[in-house]
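K.L.:
based on what follows, work out the 3D shape:
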Amino acid sequence: MRAPRCRTEDFFGPAVKAYREFIGRERTLILYNGSELIVIADTGGIGMIITPEDFLLSCECGREHKVSIKRIVIERNCLPALPAHLAELGISGKICGVYDSNTYAAAGKLRPQTDYDIVLPSINLHADERAVKQLTDSMPPDVKVLVAVGGGTIHDITRYSAAQKGICFVSAPTAASVDGFASSVAAMTWKGFKVTMPAAAPVLILADISIISQAPAYLSVSGVGDILGKYICLADWKIAGILTGEYYCDGIARLMEKAVNEVRDCCEGLKRGDSEAFVKLTYGLILSGIAMQLSGNSRPASGAEHHISHFIEMGIVGSSDALHGEKVGVGTLICAKRYHELGAKQAVKAKRPSHFPLTGEYLQPVYGSMTKGVLDENRHDVLADVDPTVLEEKWPEIAGIISKIPAYEQLLEILQSISARTTLADIGISETKYETILEYSPYMRARLTLLRVSKMLE
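P.N.:
As a prediction, the model looks like this:
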């Protein structure tokens, strides 16, 4: 069944509306981007097509947004259809699957049909230069398509390697654990420092719900934590736009908010193992990656809550075996509590912090050998872009933005309802490191967040 064609500037509304209509009745979803966006439910053969013009999405921000993904499939038992999907998209050549050893064993008969498979050892596997070299050295020279079958680490290693080789990248998530499946950047640990690097966006995403719904529960819990962090990063993005004129797109933000709300409302279903809930969670995580593509960077999906996660991942305040999304969930709670404390102020006085601009003397006691990398990342101190007088004048507007973030207690209740980790102690970090994390995590990225702005408040 074909839906009426829609103009590109109308995309944000109809696409989500179509998703809402079908997700309420069916348990599968296909989005196709080439010249068309297709939402199809395979139960009963019902389908809908929305056709934006070449998928260049115009909105009120004045920019045209482009998504390079050609097709997204979220349904049961879709992995075996990989060759057929690639053929329909006009993509040919040798296909190489990339797994970690745990996922390769678990996927079993559901592994997609490929010409080659490369299995990286799961023990101590990280998205770093060592893993990239291991993958690229193992690749046959005639590979034209790399398929990441697994979680976030395998995806980042594979998407970065695909970009370096100039070949197609396909995403096949096996758990709804992180939001980077549709992303065009890779979260890498490079020379010991956590960095975001340009990478290949997937031309195709195959999210097999029959696999995702059977993954260990803590993996989907991690995905929920990653998505709930958008409440913080979207506020950070909007505040940065108000204070410095940084580019901000309300259309992308609304799209991301819808995904967050969908995921928040599916938590009960995840506990029951409902397929529909896993489709919603997977869709929300993929939509987050699409939002990054639309904006051209990770702004819509990463703010102070992610800086906290990256800070912990660097081992600066101790060792944590928690998943990325679990750490983001804890970071989200920390930020929500701090932000609402700030939002309670009716007025503020602002000035440059005593350690402005950043110095090695200030960073060294905490960052140690990583200090040079942090200084390099922050060659331009983003607080230089914030006028203290403007901060004081705009504070009522900023407080209004903070008020729209769910309260700490609300977020805590959501995370506790799915048995998520909610404290530093839960993820293996001493509670005595709380203030250190608040003080130093904002320097993980040269990105303006309210947590970094708070250093200007008297």
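
K.L.:
report pLDDT for the nearest residue to residue 417 once chain neighbours are set aside.
P.N.:
Taking C-beta to C-beta, 6 or more residues apart in numbering, and ignoring the residues beside it in sequence, residue 417 has residue 267 as its nearest neighbour in space, at 5.7 Å. For the C-beta atoms, the positions are set from N, CA and C on the backbone; glycine is no exception. With respect to pLDDT, residue 267 scores 94.

K.L.:
burial of residue 267, as a residue count?
P.N.:
By the criterion of other C-beta atoms under 10 Å, residue 267 has 21 neighbours.

K.L.:
and it, what does it touch?
P.N.:
Residues touching residue 267, when contacts are defined by C-beta atoms under 8 Å, 6 or more residues apart in numbering, comprise 224, 277, 414, 417-418.

K.L.:
from those residues, which has minimum pLDDT?
P.N.:
Checking pLDDT across the contacts of residue 267, the minimum falls on residue 277 at 90.

K.L.:
so that residue touches residue 264, yeah?
P.N.:
No: with contact taken as C-beta atoms under 8 Å, residue 277 and residue 264 are classed as non-touching, separated by 11.4 Å.

K.L.:
so those two - more neighbours on which side?
P.N.:
Set residue 277 next to residue 264 and count neighbours by other C-beta under 10 Å: residue 277 wins out with 23 against 18.

K.L.:
and that one, what does it touch?
P.N.:
Going by C-beta under 8 Å, 6+ apart, the list of residues near residue 277 reads 266-270.

K.L.:
please list the members of those that lie in helices.
P.N.:
267-270 (DSSP state H).

K.L.:
most neighbours among those, which one is it?
P.N.:
residue 270 (23 neighbours).

K.L.:
for it, give its distance to residue 182.
P.N.:
Distance of residue 270 to residue 182, computed by C-beta to C-beta, to the nearest Å: 20 Å.

K.L.:
now stretch 394-409: mean pLDDT?
P.N.:
The pLDDT scores in stretch 394-409 average 98.

K.L.:
how close does the residue nearest to residue 417 sit to residue 221?
P.N.:
As judged by C-beta to C-beta, residue 267 and residue 221 stand 9 Å apart.

K.L.:
count of residues packed around residue 216?
P.N.:
The local packing of residue 216 (other C-beta under 10 Å) involves 11 other residues.

K.L.:
would you list the phi and psi of it?
P.N.:
Here is the backbone geometry of residue 216 (degrees, to the nearest 10): phi -50, psi 140.

K.L.:
how near is the nearest residue to residue 244 once chain neighbours are set aside to residue 372?
P.N.:
Counting by C-beta to C-beta, 6+ apart, residue 385 is the residue found nearest to residue 244 once chain neighbours are left out, at 4.3 Å. Distance of residue 385 to residue 372, computed by C-beta to C-beta: 23 Å.

K.L.:
could I get the contacts of residue 277 in CSV, plus columns for distance to residue 286?
P.N.:
Below are the contacts of residue 277 laid out as CSV (distance: C-beta to C-beta, whole Å):
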residue, distance to residue 286
266, 14
267, 18
268, 21
269, 18
270, 16
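
K.L.:
avg pLDDT for stretch 237-247?
P.N.:
For stretch 237-247, the per-residue pLDDT values average out at 97.

K.L.:
for stretch 216-235, measure first residue to last.
P.N.:
The separation between the terminal residues of stretch 216-235, taken as C-alpha to C-alpha, to the nearest Å, is 31 Å.

K.L.:
tell me the pLDDT at residue 64?
P.N.:
At residue 64, the model reports a pLDDT of 76.

K.L.:
typo on my end, it should be residue 202
P.N.:
Residue 202 is assigned a predicted lDDT (pLDDT) of 93.

K.L.:
likewise the one 5 residues further on?
P.N.:
If you check residue 207, the pLDDT there is 90.

K.L.:
so who does it touch?
P.N.:
For residue 207, the residues meeting the contact criterion (C-beta under 8 Å, 6+ apart) are 72-75, 78, 171-173, 176, 181, 282, 286.

K.L.:
mind redoing it with 7 Å?
P.N.:
With contact set as C-beta atoms under 7 Å, 6 or more residues apart in numbering, residue 207 has these partners: 73-74, 173, 282, 286.

K.L.:
could you do residue 266 as well?
P.N.:
Each residue near residue 266 by C-beta under 7 Å, 6+ apart is listed here: 277, 280-281.

K.L.:
which one of the residues you listed is nearest to residue 111?
P.N.:
Sorting those by how near they are to residue 111, with C-beta to C-beta, puts residue 281 at the top with 22.7 Å.

K.L.:
A helix includes the closest one, no?
P.N.:
Yes: the assignment for residue 281 by DSSP: H, G, I helix; E, B strand; the rest coil puts it in a helix.

K.L.:
which non-adjacent residue is nearest it?
P.N.:
Across the structure, with C-beta to C-beta, 6+ apart as the measure, the residue nearest residue 281 apart from its sequence neighbours is residue 176 (4.5 Å).

K.L.:
what's the burial count for the one you found?
P.N.:
Neighbours of residue 176 under the rule other C-beta under 10 Å: 35.

K.L.:
that one contacts residue 223, doesn't it?
P.N.:
Yes: under the contact definition of C-beta atoms under 7 Å, residue 176 touches residue 223, with a separation of 4.2 Å.

K.L.:
is residue 369 in a helix, a strand, or coil?
P.N.:
Using three-state DSSP, the three-state assignment for residue 369 comes out as helix.

K.L.:
how near is it to residue 292?
P.N.:
Taking C-beta to C-beta as the measure, residue 369 falls 30 Å from residue 292.

K.L.:
all set now, cheers.
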